[in-house]
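> compute the structure for the input listed below.
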Amino acid sequence: MGQLIIGIDVGGTKVAGGLVTLKGRLVESRIVPTHADQGFAQSYIQIVHLIERLIRAAGGKHNLRGIGICAPGPLNPKTGVVINPPNLPGWRNIELAKMVERQFGLPAKVENDANAAGLAEVLFGAAVGFKDVFYVTVSTGIGTGIIINRKIYHGQNGVAGEGGHVSIDYRSPYRCGCGTLGCIEALAAGPAMARRARVRLEQEHNMPSALREMTHGHLEQISPLMIQKAARQGDRVAKAIIDETGFYLGVWLAGMITLFDPEAIVIGGGVSRIGRPLLDKVKNTIPQYTINRFAVNTPLLPAKLEKNVGVYGAAAVFLPSGEEAETGA
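Predicted structure coming up:
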């Protein structure tokens, strides 16, 4: 059996690929554009070309255990079918795993990108040594993965783990893209942070703020990165937005702890890079909103594999029992 795995991370703008060892070391990586606007056929050509290059880099198919592919949902990991991801036009009911297996004569598996990232963090990243982990990535949206005994929990229909679409405020004026009011994604993801900052500055138009200066008065340009920078400068509005976001995430994660009682929570994504001001608020909020008296001791671990997490995650689906990570993974 081969000692390398091809990991393919399909996104709306790029396809990242790499060769990963069974110990979680990335030995080769490449990126090609997805050409998503040209439809599935062109995107698939890009994926095929990338896999061909990685097979050559591996020294041939005999050195490979399989090809793991992670993609945005909705998809069914049990059948390997990508159903209809919003940022991949034309990808409708694509039997991607079967197509790749036929093309290359190697086993192929398809997994939701957040699930795959969570598994990667358990096998190779921040949560090595833990078996039961709740993974969350907070960026443009909020994605989650439930890892039980170092395996992804998929649920009856393969769509478990959509924690970003759990509502914590059914009276909220903010409707999530999924149609539900008050989803944590609608309240705490990057666009939600920017929206709350903009609304506050529009309502209090005389309040000075570094965010006004950064955007030259064009408040619709506010981004989470700007909020982070402004908060470091002591900006009151930016600090308040981070504090509110940490509170929302804390209330939500308290519910997840009540439900799953995980050994650890791994937090990744662009918003999480705000660091201690955000995570301290999350940590301090959690015990107030859960019946689990052990929650105060649940570790909140910053994700380790941010840069290539998709590639690691795609490869990780071929290691259901897990391996200890090599140093420097």
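> just the helices in the protein please.
40-58, 96-104, 113-123, 184-188, 190-203, 210-215, 224-232, 236-260, 276-285, 309-316 (DSSP state H).
> average pLDDT for the longest one?
Mean pLDDT, taken over the full extent of helix 236-260, equals 97.
> what's the distance between Glu202 and Pro224?
Using C-beta to C-beta, to the nearest Å, we find Glu202 at a distance of 18 Å from Pro224. C-beta: built from backbone N, CA, C; applies to glycine.
> same question, Pro85
23 Å.
> also Pro86?
Pro86 is 21 Å from Pro224, by C-beta to C-beta.
> of those two, who's got more company?
Higher neighbour count among Pro86 and Pro224: Pro224, with 26 against 11, using other C-beta atoms under 10 Å.
> okay, now the residue nearest to the more buried one when sequence neighbours are not counted: neighbour count?
Of all residues not flanking Pro224 in the chain, Gly190 sits nearest, at 4.3 Å (C-beta to C-beta, 6 or more residues apart in numbering). By the other C-beta under 10 Å criterion, the neighbourhood of Gly190 contains 21 residues.
> repeat that for Ala41.
Counted with other C-beta under 10 Å, residues neighbouring Ala41 total 9.
> dump the residue contacts of it.
Gly90 (C-beta atoms under 8 Å, 6 or more residues apart in numbering).
> can you offset everything so residue one is 27?
All set: I'll call the first residue 27, so the last point we hit is now Ala67.
> can you give the domain ranges for this structure?
Annotated domains of the chain cover 30-138+334-342, 152-328 [automatic domain parsing].
> of those domains, which is nearest Gly144?
Gly144 lies closest to domain 152-328 among the domains of the chain, at 2.7 Å (C-beta to C-beta).
> what pairs with the closest residue to Ala83 other than its chain neighbours across the strands?
Leaving out its chain neighbours, the residue that sits closest to Ala83 by C-beta to C-beta, 6+ apart is Glu54, at 4.7 Å. Beta-bridge partners of Glu54, counted by DSSP bridges, are Leu45.
> identify the residues contacting Glu54.
Gly44, Leu45, Leu80, Ala83, Ala84.
> okay if I get those as JSON lines plus neighbour count, pLDDT and distance to Leu132?
Formatted as JSON lines, the contacts of Glu54 follow (neighbours: other C-beta atoms under 10 Å; pLDDT from 0 to 100; distance: C-beta to C-beta, whole Å):
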{"residue": "Gly44", "neighbour count": "25", "pLDDT": "97", "distance to Leu132": "15"}
{"residue": "Leu45", "neighbour count": "23", "pLDDT": "97", "distance to Leu132": "13"}
{"residue": "Leu80", "neighbour count": "22", "pLDDT": "97", "distance to Leu132": "11"}
{"residue": "Ala83", "neighbour count": "17", "pLDDT": "97", "distance to Leu132": "14"}
{"residue": "Ala84", "neighbour count": "19", "pLDDT": "96", "distance to Leu132": "11"}
